[in-house]
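K.L.:
can't give you the sequence, but here's the structure:
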């Protein structure tokens, strides 16, 4: 099997993501976009009828009623899937990942990694034991401008990092859930399915991951003030936190899902002793670089001057904007290159978030909640 | 065959677009992005070795040495392609389209439609006779903001259109071709392969198409000043033209491929008696609407207030930017919906550029060249 | 008098600009802003009551019922004005300028210079004979970013200029005048007071002046299409024109006063063989420089890297935005430095539009109207 | 004197602001811009030679060697100043203000109000006793967009305020002072002249003032992390703080003077239950309003739809940008209107920061420093 896997598109299977779920279609498009894989099987809903209809709409070859059944069947199938995609609510991440890993199938999983820390730590052990790939989808890392920023920091072009500012503003939880029939809003704000946090768990983690990915600095401690602004909401819909990072850098991270009028406004600014960078997810094709005493520079995706790390993940010429789906596809591209390597016995190269990063993200969420519950005091994130 | 075509992905074949060509991969991604089709066959280069390697890189099931062979073979194949994609230089558009149409296969063709007017008029007749779909890829029509603008004009929200401003600035032909080894630059500036115009034919036509698509107004006459700025260049690399449209509207269109530092800067502004719209292709997720005496409004792709014409072609929630590939994919989505209708005997719905639009685009190019050659005088575009 | 003029603020007198006129207050603020002059006298309206009230509101020392009386009286007054400011409708520019120049008083005059070419040519002769300063207020030249652009072109940083794009969009004449009681709208659209053109005369001339000032290239010929879109309007409210400049450069200029939703949207882009510049009057503190194959640069007013031509006319540190009044004040600053030089017998340095520039601007307007009346054909602007 | 004060420009005197100081010229321009006052006297430097030269450069009628002398002399002068402008380093604010208030002269003073809390509380008492006007120059309140934002909040157009984000980034203290010969940098970072804080005192206070002015909500408590990043610096050059405001609103404020490449980047976002506003000081003519489920609106200074609070302080038509000097002049305009009222015995109207606001600003600075010194813990700001 290892030999011919490089002569064909990889085969993927999806769990969750049935009709009505935004993120399911995103995973399918992202995974197939570069012509390296096809989604051929799925257990797309716990409701068998909806599972079947969803699979038919996608022309899947095989549809299952449960992920357990799917894991077993695909492991035995002569043209079984090469990897599984987990696009369910948070509380199912762990059992589904466990099932596929134990069936010998690589896993790509939505974030946050698990429901709680116990599961997170257990999953790290399962992945380790499995020798399989477990990748977490923080898609914003797939933007060329983000890789450009990371490369510039790594090369010392910003000098020593002093200050970091991360903002992630949305408004889709502005109203109490009861006021809407928004499928995702319902489970995101339900402690039984989302875990201890809504806003920090859903989008704060993206900010944390982006910050650490670009700067290469870990958050050492934080002081977080979480709020449930919408009446009756049980989990946080807004948070602001002060951060202290390795090597003396400082900063803050704010995230909100009640920031009226905001769509998916994730921004980051990193200030060093020699230069600063600023990036806006809603205008992802450009990266602003700010020098002391020099004109600001606007780097464009596709520019000849971009770092190889950015160039190598660019599909269209500059001026032909790429977006969220391309970033997501880039993450899949890097993950699937490792799936191919695994299948042909080559050493893995990584470059995508792993179970260790997922554990770290979970710890960030748990510590932010802990800080806030104690009155917004400083807590250590690193052991 | 008609029945089961709706139970599977459509099968596409590509002519041209081999390794090194930017537009080939764009067609493949766009055609496959929504999970409605797969590219399974190709005659990707006139060089057989390169054709084979390109096909292998895409995991194609069938690779051909020539488009003639491909047309004949696919027509007979039990799982033959449902439509052909033409991604060759301009001078091959006509013979390739003719070959596939005469083999009974639908065609999706890059623009401009043909090498010259004689071919354009002949192709219109061939398409008519074939009863098949012939679609031209002006991908900018696939942006939701463009459809929003068109819908607003159609509903009278701008009032009577008075003035239109279209700009399309690039710089990739800034230097003489001899100075580069840019494959596309070579044929675009070669009269034997590109036809009578480089810049107006390549990008001016996109501007013309966009303008007429949004406003619903045809260009009646124009006064064009074309220039070859780069030393030794045989075709235009820059043009500015005054326009007079139907119903008394006026405007201008400028296009340039020597506009230093510009990437793919296509912009349009349409001024009516009640409101104006402004759209920038490099920031395609937003549409600015300008009212007299009211705040400017920024409409965002994915907004609940958008017209159904825009909503129906939106894949990701607002704030998760879509780009050029998604616009291109939307054009394919609309075309392929008609391919499915054709296969199941349903009436076609259209909504994409046809051979008639292609003929009109060709006339626009020819008339712009004619105007300029006569000293930049007014010439009629409409018969 | 020459000696002590440098130990005090200069004294200015204003003609026109009475209560209700926007431009009168602008002249007063601009002329006084740097603490180099005070407006002390005026003939602010042809209506004596309004003239008196306007003068009182400004705490003027001397108010006159007519400009003729004012010119004679100020010439004899021991503390008479050092220069006169003409802020009347176009048809009075000539007689007022003539009166003050013949009374031996320097003149600062609003644009366009005169009502028609006959007056313009006569005024050039009068100025020449007078040996006095005659300065025309094209305030956009006073923006540091404009001087930066001019300096960069002059130093060859853009290489050879190939293409120029000038846009000036407003909407304050969107409706027929009858529909409003807008004082300025009334005379601007009245051939008896505004001359042969409304839009080209009022704002097209600013565009022409800006273009020639930045590029150092004169417009050799033009092909202009002028329109009166508003029902019943006698003069143009919109124009687009193709331009051919010296040294083979080309371009276009569009201006409109019926561009719905536009405020004072004057933009210029200049493309050379090595770099391009782009500037927007509504965001005047920044200048974008576009290089081939390099990141775009955003130059900020006040930056240490700016040319001395820009630095020397900057008042506040970068990040503390300057605006229209500061630009206007800079023009006055340069003019008044020459008034001081004239008073102390030093050679003049210039740097502001003179009667020759005014004549050239008039010719531009007349030629644009001539081109359009002949059917939008090419006409020579230079003799 | 009261009667004729309304028939002439007011007379101002300035303390500090001699040649080389940026803020001196700003005060002069701002105070004179609307033609309502002239600076006629000054004690512009503690160095008599520099004082005299500075006064001569401004054509002042009277120059003094010390502020003490000036206060006494002007109080007796038949054409003495109507108000004094204090533009000295922080440590002189108190004694100078005291001298003029005790001489019966109104005072306009730069911020922060005093060197420490003791002085601040004492000054409040002196002002109260004097029955004179004491105004503090937070010029950002003078921007029409800021008044528009405040008016919208006051009218309930944003609903209940939930979250506030204030950022103020500069880079002029990026390097240690020893590395430069920047006059202002020297005293701003010297505890003996600047007080307990550099960055929070200098610009954090502007942010705090802006936030409270727009929202009408006071900061109840804060948790601040101040840092001296530049080696050897004795005071903070960077701060981030979490905020809890009245009525349950939350937010954060960050300020930095080592944010590489930033000029004077003050931004504010206020999120309510019905709408949000966003304003950027470096692009001050526009205010973005964000609604849930509606297009974003860009309100432009000068728009017909603006609130009277914004319209009444607008000088130029929309599209003719105003800037920092106009905002500063607006603050003076409002203050000087009260000076005229005071002189003619009318009741004062206020609308500008007073000694009470100054005291509050001082408390904000002191509490931020206290919080940080205790390890970035929560401290109450309100008594």
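P.N.:
It's in. Every value quoted in this text rests on a predicted model; they were computed, and no experiment measured them. Numbering: from 1, shown residues only, chains lettered A, B, ... in the order given.
K.L.:
what does the stretch 101-250 of chain A have sitting close to chain C?
P.N.:
Contact residues, the stretch 101-250 of chain A versus chain C (CB under 8 Å from any CB of the partner chain): none. For the C-beta atoms, the positions are set from N, CA and C on the backbone; glycine is no exception.
K.L.:
How are the helices of the stretch 101-250 of chain A distributed by residue range?
P.N.:
A:117-130, A:144-154, A:183-188, A:191-194, A:199, A:205-215 (DSSP state H, counting those that start in this stretch).
K.L.:
possible to save those helices as JSON lines with mean neighbour count, mean pLDDT and distance to chain D?
P.N.:
Converted to JSON lines, these look like this (neighbours: other CB atoms under 10 Å in any protein chain shown; pLDDT from 0 to 100; distance: least, CB to the nearest CB, whole Å):
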{"stretch": "helix A:117-130", "mean neighbour count": "17", "mean pLDDT": "97", "distance to chain D": "25"}
{"stretch": "helix A:144-154", "mean neighbour count": "23", "mean pLDDT": "98", "distance to chain D": "13"}
{"stretch": "helix A:183-188", "mean neighbour count": "17", "mean pLDDT": "77", "distance to chain D": "14"}
{"stretch": "helix A:191-194", "mean neighbour count": "15", "mean pLDDT": "84", "distance to chain D": "21"}
{"stretch": "helix A:199", "mean neighbour count": "30", "mean pLDDT": "96", "distance to chain D": "12"}
{"stretch": "helix A:205-215", "mean neighbour count": "24", "mean pLDDT": "97", "distance to chain D": "14"}
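K.L.:
now those helices as CSV including distance to residue A:260?
P.N.:
Converted to CSV, these look like this (distance: least, CB to CB, whole Å):
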stretch, distance to residue A:260
helix A:117-130, 33
helix A:144-154, 27
helix A:183-188, 16
helix A:191-194, 22
helix A:199, 15
helix A:205-215, 19
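K.L.:
Tell me which of these lies nearest to residue B:260.
P.N.:
Among those, the nearest to residue B:260 by CB to CB is helix A:144-154 (22.6 Å).
K.L.:
Does the closest one reach chain B?
P.N.:
No: on the criterion CB under 8 Å from any CB, helix A:144-154 is out of touch with chain B, staying 11.9 Å away.
K.L.:
Check stretch A:123-142 too.
P.N.:
No: Stretch A:123-142 is not in contact with chain B by CB under 8 Å from any CB; minimum separation 9.2 Å.
K.L.:
thinking again about what came up before, can you say which of the helices of the stretch 101-250 of chain A is nearest to residue D:227?
P.N.:
Using CB to CB, the nearest of the helices of the stretch 101-250 of chain A to residue D:227 is helix A:205-215, at 16.5 Å.
K.L.:
Residue numbers of the stretch 51-200 of chain A in contact with chain B?
P.N.:
A:56, A:58, A:59, A:170.
K.L.:
quick one: contacts of the lowest-mean-pLDDT helix or strand in chain A?
P.N.:
Least confident helix or strand of chain A, by mean pLDDT, DSSP states H and E, is helix A:183-188 with a mean of 77. For helix A:183-188, contacts defined as CB atoms under 8 Å, 6 or more residues apart in numbering or on different chains pick out A:20-22, A:89-90, A:172-173, A:177, A:193-194, A:198, A:202, A:235.
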